[in-house]
Structure formats: structure tokens, C-alpha cells
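Take this sequence and fold it.
(one chain, ligands or ions: 2)
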Amino acid sequence: MPSRSQENQSPQVTPAIATTPRGDGLIGVFATLADQHAQIAQLFEQLQGQPHRRARLWPELRRQLVSHEHAEVRELYPLLRQFSQTYAMANLHDDEARALDALIHRLDATMLESEHWGTLFDQLVSTVLHHAKDEEEQKIFPAAQEALGEARAVELDVQLRQVQQKLAMAH
Ligand SMILES: [Fe+2]
Ligand SMILES: [Fe+2]
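Ligands and ions are numbered 1, 2, ... in the order given. I've put the predicted structure just below:
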């Protein structure tokens, strides 16, 4: 009989795969990741506007952020190291992802109710938004989609979501 934790590790994946491009041309995994950026940005706003709800809002935001970023690092960016046009971008990405992890760990080590937590959180917000909007959506994803092709981008969508679900359960 499987243990409870093994049962929890069987993800039920019902992905709504983006098989037609978004307005900005992104498709499949790139459309999914960009949609997640928008969700995360919304959660940032909610949390910044309601400091008294940090204890309630932060764990879910943290889970979404970590599963998003770690899935990118594991599933997407290694593929982008196979192409000369995205190789350097992948390295830059993973440096930024490590910086995000470090900021999250600093938040974890800070009293949630303190003013310092709010200052660190504001820093996290601007770091993530720069990373997601200025780097990924503007530069990396269009180049990556061009390099991988649309069919592969759609295929990867399912794979990445499965990994994200597992990561979300672990964080
Ligand atoms: Fe990223
Ligand atoms: Fe991202």
C-alpha cells in the first residue's frame, strides 16, 4: 500500500495547453510561464497592499515562485544551453535565479511582522519583475521559442507543469 506521501506525489495534470500564440507571440511553455509571471505579479500587489495578511499570503506566493523558477532552471534552461543564440542567456538566467533563492532565504530568516521583512520583500518584487518582464518575456522567451520551435514549446508545456506540481508539493 502506498504511503500517504507517495500518493501525494502522483500529480493530476489537466493542462490547458497554449496551442495558439498569445498576443505577444509566445506559445506553449513560454505562454504558460508568462501567464504565471502575471499571476505572481498580482500576488505581489496583494501582499504589498495588505501587510497584515503576510502570514496567510506569503506561503502560497513563495510556493508559486519557487516552483516556477526551479522548474525553469531544471527543465527549460538546460535545453537553451544547446543553442549558441541562447547559451549566454541561460547562464545569466540561472545566476539571477540563484539571487532570487538567496533573497527568499533571507526572507525566511526574517520575522514576518518586521519592517525589515517588508523592505526585503520590496526588493524581491523588483528583482522578480525585472527578471520576468525585462529579461525573460522581452529577450529570452522570444529567442528561445525561435530556437526550440513552436512544436517543442507546446510539448515542453506539459513536462514543465508536471515538474512544477511536484516542486509545489515539496515547498
Ligand atoms: Fe526565471
Ligand atoms: Fe519565469
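
most centrally placed residue in this structure?
residue 68 (2.5 Å; C-alpha atoms, centre = their mean).

Now the lengthiest helix in the chain: average pLDDT?
Assignment by DSSP state H gives helix 84-108 as the longest helix of the chain. Averaged over helix 84-108, pLDDT sits at 96.

Next to ligand 2, which bits of the protein? Give me the list.
33, 132, 136 (C-beta under 5 Å from the ion). For the C-beta atoms, the positions are set from N, CA and C on the backbone; glycine is no exception.

element containing the closest residue to the second one other than its chain neighbours?
Computed as C-beta to C-beta, 6 or more residues apart in numbering, the closest residue to residue 132 that is not its neighbour in sequence is residue 37, at 4.0 Å. In this structure, residue 37 sits in helix 29-49 according to DSSP states H and E.

Report the buried residues of that helix.
For helix 29-49, burial by neighbour count (16 or more other C-beta atoms under 10 Å) applies to 29, 30, 31, 32, 33, 34, 36, 37, 40, 43, 44, 47.

hang on, isn't the residue nearest to residue 132 packed against residue 136?
Yes. Residue 37 is in contact with residue 136 according to C-beta atoms under 8 Å; the separation is 7.3 Å.

For stretch 129-146, which residues meet the burial criterion?
Buried residues in stretch 129-146 (16+ other C-beta under 10 Å): 131, 132, 136, 137, 140, 141, 144, 145.

now what about it, what contacts it?
24-27, 30, 33-34, 37, 40-41, 44, 76, 80, 85-86, 89, 92-93, 96-97, 100, 153 (C-beta atoms under 8 Å, 6 or more residues apart in numbering).

Show me the helices in the protein, by range?
Taking DSSP H as the test, the helices found in the chain are 4-8, 29-49, 54-71, 77-80, 84-108, 115-129, 141-148, 150-170.

Please find the angle between the direction vectors of the last one and helix 29-49.
In terms of direction (axes from the mean of the first three to the mean of the last three C-alpha atoms, to 10 degrees), helix 150-170 departs from helix 29-49 by 40 degrees.
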